[in-house]
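Visitor: the amino acid sequence is not available; the structure is as follows:
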């Protein structure tokens, strides 16, 4: 490569870098840029075999999606009960409890609690879900 070819390559590389940076910056500053929205659903998988788990069950409560979500599991005479409860003060919503390839889904109006639970054998993994119905 001669000196002229090296200079042309350097100019081309600089121009390409400038165009790339411009392409990245322009959408971020344009009026149509995407805005982050609050979550409208969520889930938790409760690994029941972890050594730190309580022998009789556990419960978690989190503020999510503008409401309050309580989920967990407990041992009952029928096996392991997986549950998901979700409360929202101003929107329709639902909660789902899934265990052993089956699920229970409960819907609720604003200012009511959606209460879902399902029982199966103690070896199954529990999954809990919440969602806003918009």
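Guide: Nice, thanks for sending it over. The shown structure was predicted, so the numbers you read here are calculated from the model rather than taken from an experiment.

Visitor: could you measure from residue 57 over to residue 134?
Guide: 32 Å (C-beta to C-beta, to the nearest Å). Every C-beta, even on glycine, is put in place using the N, C-alpha and C of the backbone.

Visitor: more crowded one of these two?
Guide: residue 57 (18 against 7; other C-beta atoms under 10 Å).

Visitor: pLDDT (mean, whole number) over stretch 42-49?
Guide: Across stretch 42-49, pLDDT averages out at 81.

Visitor: ditto for stretch 115-128
Guide: 95.

Visitor: can you show me the strands along this structure?
Guide: Assigned by DSSP state E, the strands in the chain fall at 41-46, 57-64, 67-76, 79-88, 93-99, 102-108, 112-120, 126-132.

Visitor: domain map for this structure?
Guide: According to automatic domain parsing, the chain comprises the domains 1-35, 41-132.

Visitor: mean pLDDT for these: which is lowest?
Guide: When I compare these, domain 1-35 is least confident, with a mean of 43.

Visitor: could you dump the strands of the chain to a markdown table with distance to residue 35?
Guide: Listed next are those as a markdown table, based on distance: least, C-beta to C-beta, whole Å:
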| stretch | distance to residue 35 |
| --- | --- |
| strand 41-46 | 18 |
| strand 57-64 | 19 |
| strand 67-76 | 21 |
| strand 79-88 | 22 |
| strand 93-99 | 23 |
| strand 102-108 | 28 |
| strand 112-120 | 28 |
| strand 126-132 | 18 |
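
Visitor: now residue 127. Nearest residue, chain neighbours left out?
Guide: The shortest distance from residue 127 to any non-neighbouring residue, by C-beta to C-beta, 6 or more residues apart in numbering, is to residue 98 (4.3 Å).
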